[in-house]
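K.L.:
sequence and predicted model, in that order:
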Amino acid sequence: MTEDMHEERLQALEASNGSFGGILIIHATILQRSTCDLQIICFVDINRHGSIFKAANPDAVFEDFIQWHSPADWIEDPEVEKSKDNWPPRGHLSKRMSESDNLWRELWDRAPALAASEQKPLYDPNREGEKVIHYLENLNPHQLLAQMVCTAFLAAADTLNKTSYGELKQMETKMQQLYLTMAPALKPLKDLRRLCVVFGHVENLLTVAASLNRKLVHAPRLAVENLFIFCYCFLLMLLVLF
């Protein structure tokens, strides 16, 4: 779901005044317009899956659909002995599926028998492409700069994170702190200088850590750890002083 589609959903939810049935219908409508894998059965997308099920099984009833769509809502009768020839299966709907105002049954009754190829596509590439072009045409320069900076910092941090530096706990902690520093700093995009200083500090530490890991790969782990701690403290002191 794109950001504008998410805002549309929020507006629709506000208009529904918190009605549970209204919320489910809104979600079903949104899912029908969104890209999704048809193999992932979503409980609010009954209109589409119900239509597909009806097209594939012309004589099917609601109980048949529930056994396929939501097996947990089909309760088998324990007194009936199971056998290969025992068809149709003996059982009943769960309590929530047996309610008179059940939304699932309502959507099932309204769903036409249409195969997936005959239904309206879930995703309109032309519509989404036009929305992207419209967004870029109306994008302010500072908004573009903010997105470019955020993307650049994240890509650079991920590149640093892929560097092999052994099992140095201080370096692992520093990398985690880098991401934690980036998140609040990039959101308002007001303290880029501080982020650059922290980023440069982590980059220097990673250079030392990777170098020690490569050149002293056969050295005792404790010796490498102590040597890195010394470099770590030295670079930290430089960071504080300058």
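P.N.:
Okay, I see it.
K.L.:
isn't residue 223 right up against residue 216?
P.N.:
Yes: using CB atoms under 8 Å as the test, residue 223 is close enough to residue 216 to be in contact (7.5 Å). No exception for glycine: its C-beta is placed from N, CA and C like everyone else's.
K.L.:
so, low pLDDT: which residues of this protein?
P.N.:
Within the chain, the stretches with pLDDT under 70 are 1-4, 13, 16-45, 79-89, 190-193, 239-242.
K.L.:
next, the closest residue to residue 213 other than its chain neighbours: secondary structure please.
P.N.:
Residue nearest to residue 213 in three dimensions, not counting chain neighbours: residue 166, with 4.0 Å by CB to CB, 6 or more residues apart in numbering. When classified by DSSP: H, G, I helix; E, B strand; the rest coil, residue 166 comes out as coil.
K.L.:
give me every residue that touches residue 166.
P.N.:
209, 212-213, 224 (CB atoms under 8 Å, 6 or more residues apart in numbering).
K.L.:
the lengthiest helix in the chain - contacts with which helices or strands?
P.N.:
Longest helix in the chain by number of residues (criterion: DSSP state H): helix 192-215. On a contact count with 3 or more CB pairs under 8 Å, 6 or more residues apart in numbering; DSSP states H and E, helix 192-215 meets helix 141-161, helix 169-186, helix 221-241.
K.L.:
now do the last one against helix 169-186, angle only.
P.N.:
Pointing back at helix 221-241 there. Calculated by axes from the mean of the first three to the mean of the last three CA atoms, to 10 degrees, helix 221-241 forms an angle of 30 degrees with helix 169-186.
K.L.:
and for helix 221-241, what's in contact with it?
P.N.:
Here helix 221-241 makes contact (CB under 8 Å, 6+ apart) with 166-168, 170-171, 197, 201, 204-205, 208-209, 212-213, 216.
K.L.:
just the buried residues of these.
P.N.:
Using 16 or more other CB atoms under 10 Å as the burial test, the contacts of helix 221-241 include 166, 168, 170-171, 201, 205, 208-209, 212-213 as buried.
K.L.:
closest one of those residues to residue 137?
P.N.:
Within those, proximity to residue 137 (CB to CB) peaks at residue 201, which comes in at 39.5 Å.
K.L.:
what about residue 209, distance to residue 53?
P.N.:
Residue 209 sits 57 Å away from residue 53, going by CB to CB, to the nearest Å.
K.L.:
what about residue 58, which SS state?
P.N.:
Residue 58 - assigned by three-state DSSP - is coil.
K.L.:
let me know the helix or strand that residue 75 is in.
P.N.:
Using DSSP states H and E, residue 75 sits in strand 74-76.
K.L.:
picking up where we left off before, how far out from the middle of the chain is the longest helix of the chain?
P.N.:
How far helix 192-215 lies from its chain's middle: 30 Å, per CA atoms, centre = their mean, to the nearest Å.
K.L.:
picking up where we left off before, what two of the contacts of helix 221-241 are the furthest from one another?
P.N.:
Using CB to CB, the pair of those lying farthest apart is 197 and 216, separated by 28.5 Å.
K.L.:
distance between the ends of stretch 213-228?
P.N.:
Stretch 213-228 has an end-to-end distance of 10 Å (criterion: CA to CA, to the nearest Å).
K.L.:
list the buried residues of that stretch.
P.N.:
For stretch 213-228, the neighbour count (16+ other CB under 10 Å) marks 213, 224-225, 228 as buried.
K.L.:
do the same with stretch 61-77
P.N.:
Using 16+ other CB under 10 Å as the test for burial, stretch 61-77 gives 62-67, 69-70, 73-74.
K.L.:
just send those residues back as TSV, with secondary structure and distance to residue 104 too.
P.N.:
Shown next, in TSV, are the buried residues of stretch 61-77 (DSSP: H, G, I helix; E, B strand; the rest coil; distance: CB to CB, whole Å):
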residue	secondary structure	distance to residue 104
62	helix	8
63	helix	11
64	helix	13
65	helix	9
66	helix	7
67	helix	13
69	helix	8
70	coil	8
73	helix	8
74	strand	12
